[in-house]
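K.L.:
return atomic coordinates for the entry below.
(one chain, ligands or ions: 1)
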Amino acid sequence: KRPLDNRIRERKEATIMTKVKIGLSSCITWLPNGTERAYLNQDYIKSVEKAGGVPLILPITDNVDIIKALAESIDGLLLTGGEDINPLLFGEEPDPKLGEICEARDRFELLLFGEVYRLKKPIFGICRGLQIMTVALGGTLWQEISRKPGDLIKHSQEADRKISTHHINILPNSQLEPILGLKARVNSYHHQAAKSVGTTGTVTATASDRIIEAIDWSTPHHYCQAVQWHPEAMIDTHPEMLNLFKDFIQHCQK
Ligand code: MN
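P.N.:
Okay, the predicted model is just below:
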């Protein structure tokens, strides 16, 4: 018979084991004194935690062995918001309205995405996350959405991040419909958007100006979807947004 201490320890480990580890991509900034700093908005961490996952911030690196080890160590990947995507990655020269890009982050996230995708672990993208997934899966982006012909609504809101400012129409029978219904309200902080989604993608939500707001690349055995808004900033004002994280984390349970 195993000693009591061992049994208690094993039970504790089992409880921890049922929690899934969610890797969160991070950002780099350069301080005025030249220090290079890794960081991530706390809202992502709180959302994963509240939805029952264990958040892990993944550092940007160009070491392929480390990227492989990171992909192995997580149960699911959440690609977070941030800088614009380098248009050279989808075959375009830079538009004068292109914002700040981060070469190291683009390279890291593309390699990490490729590894996690190959391992068929669930992947959820938010804002820039949607854009990097689009590029990784053969789609293209509007570098600046005002270049899209036709009238646009405001996608760079000045209101607080908790506040929803535009509607989205959700594709019936999509993965999003049971969570958000056919019409939802979202916040909006993007001047780029997906233009095409690649051969395996389905547009699952659009704004009234037809800007793509959500894409699903999932297969029956692999969860892979992304949204253009920031649900992590809305979980207090729009509790249904937490269900996006819960759904993702449920798919990460082995
Ligand atoms: Mn929007």
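K.L.:
averaged pLDDT, stretch 220-235. What do you get?
P.N.:
In this model, stretch 220-235 has a mean pLDDT of 97.
K.L.:
tell me the residues of the stretch 151-254 of the chain that contact the ion?
P.N.:
H155, S188 (CB under 5 Å from the ion). For every residue, glycine as well, the C-beta is placed using N, CA and C.
K.L.:
and the strands in the stretch 151-254 of the chain?
P.N.:
Remark: strands assigned in the stretch 151-254 of the chain by DSSP state E, counting those that start in this stretch are 166-170, 183-186, 193-196, 202-206, 212-216, 224-227.
K.L.:
and if you look at the stretch 1-150 of the chain?
P.N.:
With DSSP E, counting those that start in this stretch as the criterion, the stretch 1-150 of the chain has strands spanning 21-25, 27-30, 36-39, 54-58, 76-79, 123-126, 140-142.
K.L.:
now the ones you listed as a markdown table including mean pLDDT and mean neighbour count?
P.N.:
As requested, the strands of the stretch 1-150 of the chain are exported to a markdown table (pLDDT from 0 to 100; neighbours: other CB atoms under 10 Å):
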| stretch | mean pLDDT | mean neighbour count |
| --- | --- | --- |
| strand 21-25 | 98 | 23 |
| strand 27-30 | 94 | 13 |
| strand 36-39 | 96 | 10 |
| strand 54-58 | 98 | 18 |
| strand 76-79 | 98 | 26 |
| strand 123-126 | 98 | 27 |
| strand 140-142 | 97 | 20 |
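K.L.:
what's the closest of those to K162?
P.N.:
strand 123-126 (15.3 Å; CB to CB).
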